[in-house]
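**Q** need coordinates for the following:
(chains A and B)
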Protein chains: 2
Amino acid sequence: MAGGAAALALTGRMLAAEPGARGDPAILDLPAHSKALGQPVAAHGYGLPSVHEKNLQRRESPGLTRVSQASVSFTPLQGLFGIITPNGLHFERHHQGWWDIDPAKHRLMVMGMVRNPKVYTMDDLMRLPSVSRIHFIECGANSGMEWANVAVPTVQYTHGMLSCCEFTGVPLSALLDDCGFDRKTARFILAESADGAGLTRTIGIDRALDDAIVAWGMNGEMLRPENGYPLRLVVPGVQGVSWVKWLRRLEVGDQPWHTREEVMHYIDLMPDGSHRQFTSIQEAKSVITSPSGGQKLLDKGFYNVTGLAWSGRGRIKRVDVSVDGGRNWKTARLETPVLSKALTRFSLGWVWDGGPAILQSRALDETGYVQPRMNQLRAVRGTRSIYHNNAIQSWKVADTGEVSNVQVS
Amino acid sequence: MAGGAAALALTGRMLAAEPGARGDPAILDLPAHSKALGQPVAAHGYGLPSVHEKNLQRRESPGLTRVSQASVSFTPLQGLFGIITPNGLHFERHHQGWWDIDPAKHRLMVMGMVRNPKVYTMDDLMRLPSVSRIHFIECGANSGMEWANVAVPTVQYTHGMLSCCEFTGVPLSALLDDCGFDRKTARFILAESADGAGLTRTIGIDRALDDAIVAWGMNGEMLRPENGYPLRLVVPGVQGVSWVKWLRRLEVGDQPWHTREEVMHYIDLMPDGSHRQFTSIQEAKSVITSPSGGQKLLDKGFYNVTGLAWSGRGRIKRVDVSVDGGRNWKTARLETPVLSKALTRFSLGWVWDGGPAILQSRALDETGYVQPRMNQLRAVRGTRSIYHNNAIQSWKVADTGEVSNVQVS
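**A** I've put the predicted structure just below:
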């Protein structure tokens, strides 16, 4: 029943051949990969993507910052599937460039209002009871260019400061207990990085004791150098700047430190000229990753409209999709698992009739929060913010099939 | 409150300096990474692990097969965390070596007992509604050397034909529907690979319609060449050989094909000389990955005993851990998410007293099946099998702290 001739039909050349040409030598001109020995196992002790996937890269937005050591590279969301971001494509945001720190020399000090201040080696930390959890990380400035309505061309650049991985490490609460911290008086934790930026951020004690992790693992292996190897803080639901990389120090205190990265940066300039500080939670948000800006629909017919939804407050409860700029909505299918403070993949089938369309997605989380429209967000926040833009994203499909970034009032 | 001097204390050199030596220039001899600009973003469009992690590789067992194109490379389970296997460390098992096939030229034919046989391009397939699911894949021969009691030294070589990823693709059932297959008469599916091995495997229709996926995505990105790029079959719970790589053909029929890989290989030789065929499900199994063979406990005291459990029948319900060769058992903590036919990470704290110990884990799945001891399995299966060894694994800890592979009757 298994047909050898049928199998041959799968080469490009055979598809052009005449039916019944079974005896034709051309049929036997199989591709090399169907005739010969391939590459051996462990040709790469650590494997790499196909050479045909070279175009799927994280990319810097040229001119975004003065030097590339204090810049961003964006995750190519348009080419990814599911919810896991492969480590090689995890977005980057550095303040002083990245280093590949020798873990044998790296130390973490825990100090301040604790009975037993300690300096940990990586070996010390990795002997402690660890947990593994899948969470998203999003830079607070993700989609920041949309405030100014500049029509950034692709989802890689509009939403690509977003990744989702399985993180492994010791719960911050366990580490604080190990140092004898006092739950009655401790109210804040300061986290400090070992890079030249010496980046510091304050975390409230409730959040620190809830689900924060001092992590060394990312998607099963050690963190990548660009993502804080060998140690970073994971603060689920909170903007990326608080996930301090190359973590060298934790200090326990009873008041916030008001560090530069809290007072000068990562603040929201409101319409009345005041600044909101400590707005660290990433509220519910979603984006259609395909079709998305810069792509082109080549044909009328069926498309699997798919994207990502997430909330810093918990689980995604529902995602709605509109193809007419928000007049009508349909509920999308959510892929399992739907995890708290993790990306959730949604999909909805759509038959494109060849006419203009505006694609949108709208996330609802388990707290009942609904992702706002751009004009709803602007009514409260104005247009001078950089951070915490979680507005509904609109992609316009032209009758040529070309997809572009538009803002719908 | 934030202390600069404290931060300096984290360099190796400072730790050796005298207390109070704050004015000493030596204190200011910070490591380069705390003083200077690092590497720019997107230094690698596709990132790589730290240079300090070079030892964590998939490795071939020398001499296992005559040529390395028809061999195995093993995943380094002893160095991994959580449940996701990074794509660069996914195990390999090839029959004729691997190729990096051009997806623009690749085709999938669906034929046989269908009303509308079709040849799909990758673009055709990727426009269909897709699903994403996290599943383990295990070679049927994983732990096969343990039948012969040869004490393979490390968990990489005993259990490393095991990985777990998020796979994305079109449900096989949807593809069969697209070709108009007849649920009344169709009973079997044949899957065929495009490599020189032309590997073929039969899948029962119930399994094909249940949760099998024709997949292109693995952990968010396209499959790696070694794992079947651009297309492989995913058959959750079933041994790896049925997850046909470089998938070029699916045929629908009403009887099994009895292909070479079903009749000559991947069969279980029983004590009475008969062969069991089509034993494709991977039954519940677990293994402690740390501490494991080849590692050494450097000190008495606390250890986080951790490992992986999985079942081809569904979810893991419980994992028990023994430190005395199976006389006493404690229930381990399971990390979330606990997913059907996926790896589940377990952990249990253990204080080593410095004496000899034998570490074991035992998985129970949601069907009530309990992972057998080696002698229970041998009583039924004898010792001449290669495949489907899911016995409890024992690691002996010597009083020197050295950990080795032993078999406990």
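**Q** can you give me the strands for the stretch 51-200 of chain A?
**A** With DSSP state E, counting those that start in this stretch as the definition, the stretch 51-200 of chain A shows strands at residue ranges A:59-60, A:72-74, A:92-93, A:107-112, A:118-121, A:131-138, A:162-171, A:188-193, A:200-204.
**Q** so can I have JSON lines of these showing distance to chain B and mean pLDDT?
**A** For every residue, glycine as well, the C-beta is placed using N, CA and C. Rendered in JSON lines, the data for the strands of the stretch 51-200 of chain A read as follows (distance: least, CB to the nearest CB, whole Å; pLDDT from 0 to 100):
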{"stretch": "strand A:59-60", "distance to chain B": "4", "mean pLDDT": "95"}
{"stretch": "strand A:72-74", "distance to chain B": "4", "mean pLDDT": "96"}
{"stretch": "strand A:92-93", "distance to chain B": "4", "mean pLDDT": "96"}
{"stretch": "strand A:107-112", "distance to chain B": "4", "mean pLDDT": "98"}
{"stretch": "strand A:118-121", "distance to chain B": "7", "mean pLDDT": "98"}
{"stretch": "strand A:131-138", "distance to chain B": "3", "mean pLDDT": "98"}
{"stretch": "strand A:162-171", "distance to chain B": "4", "mean pLDDT": "98"}
{"stretch": "strand A:188-193", "distance to chain B": "6", "mean pLDDT": "98"}
{"stretch": "strand A:200-204", "distance to chain B": "6", "mean pLDDT": "95"}
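**Q** need the residues of the stretch 251-400 of chain A near chain B, please.
**A** Proximity of the stretch 251-400 of chain A to chain B, by CB under 8 Å from any CB of the partner chain, involves residues A:251, A:253, A:255, A:257, A:259, A:301-304, A:306, A:335-337, A:339, A:345, A:347, A:349.
**Q** low-confidence ranges, chain A, go.
**A** The model of chain A has pLDDT under 70 over residues A:1-28.
**Q** using CSV, write out every CA atom in stretch A:164-171.
**A** Output in CSV follows, covering the C-alpha atoms of stretch A:164-171 (Å, rounded to 0.1, in the frame of the first residue of the first chain):
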residue,chain,number,x,y,z
CYS,A,164,8.0,34.8,27.8
CYS,A,165,10.2,32.1,29.3
GLU,A,166,10.3,29.5,32.0
PHE,A,167,12.4,30.9,34.8
THR,A,168,14.1,28.9,37.5
GLY,A,169,15.6,30.1,40.7
VAL,A,170,15.1,30.5,44.5
PRO,A,171,12.0,32.4,45.6
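**Q** chain center to that stretch, what's the gap?
**A** Taking CA atoms, centre = their mean, to the nearest Å, one finds the center of stretch A:164-171 at 14 Å from the center of the full chain.
**Q** with stretch A:90-98 instead?
**A** Centroid displacement of stretch A:90-98 relative to its chain, using CA atoms, centre = their mean, is 14 Å.
**Q** what's the span of it, first residue to last?
**A** Between the opening and closing residues of stretch A:90-98 there is a gap of 14 Å (CA to CA, to the nearest Å).
**Q** closest to the centroid, which residue in chain A?
**A** A:Ser163 (1.7 Å; CA atoms, centre = their mean).
**Q** who are the contact partners of the closest residue to that one other than its chain neighbours?
**A** Of all residues not flanking A:Ser163 in the chain, A:Thr85 sits nearest, at 3.9 Å (CB to CB, 6 or more residues apart in numbering or on different chains). Listed by CB atoms under 8 Å, 6 or more residues apart in numbering or on different chains, the contact set of A:Thr85 reads A:Thr75, A:Ser163, A:Cys164, A:Cys165, A:Asn219, B:Gly220.
**Q** what separates A:Gly198 from A:Met113, distance-wise?
**A** Distance check for A:Gly198 against A:Met113: by CB to CB, to the nearest Å, it reads 21 Å.
**Q** kindly tell me how buried A:Leu128 is, as a neighbour count.
**A** 18 (other CB atoms under 10 Å in any protein chain shown).
**Q** what about it, distance to A:Lys245?
**A** 20 Å.
**Q** then A:Val351?
**A** As it turns out, when the distance is counted by CB to CB, A:Val351 lies 45 Å from A:Lys245.
**Q** ok, A:Ser68 next?
**A** Taken as CB to CB, the spacing of A:Ser68 relative to A:Lys245 amounts to 17 Å.
**Q** kindly report the same for A:Met374.
**A** Relative to A:Lys245, A:Met374 is positioned 32 Å away (CB to CB).
**Q** neighbour count for the two, which is higher?
**A** In this comparison of A:Met374 against A:Lys245, neighbours counted by other CB under 10 Å, the higher total goes to A:Lys245 at 28 against 18.
**Q** nice, that's everything, thank you.
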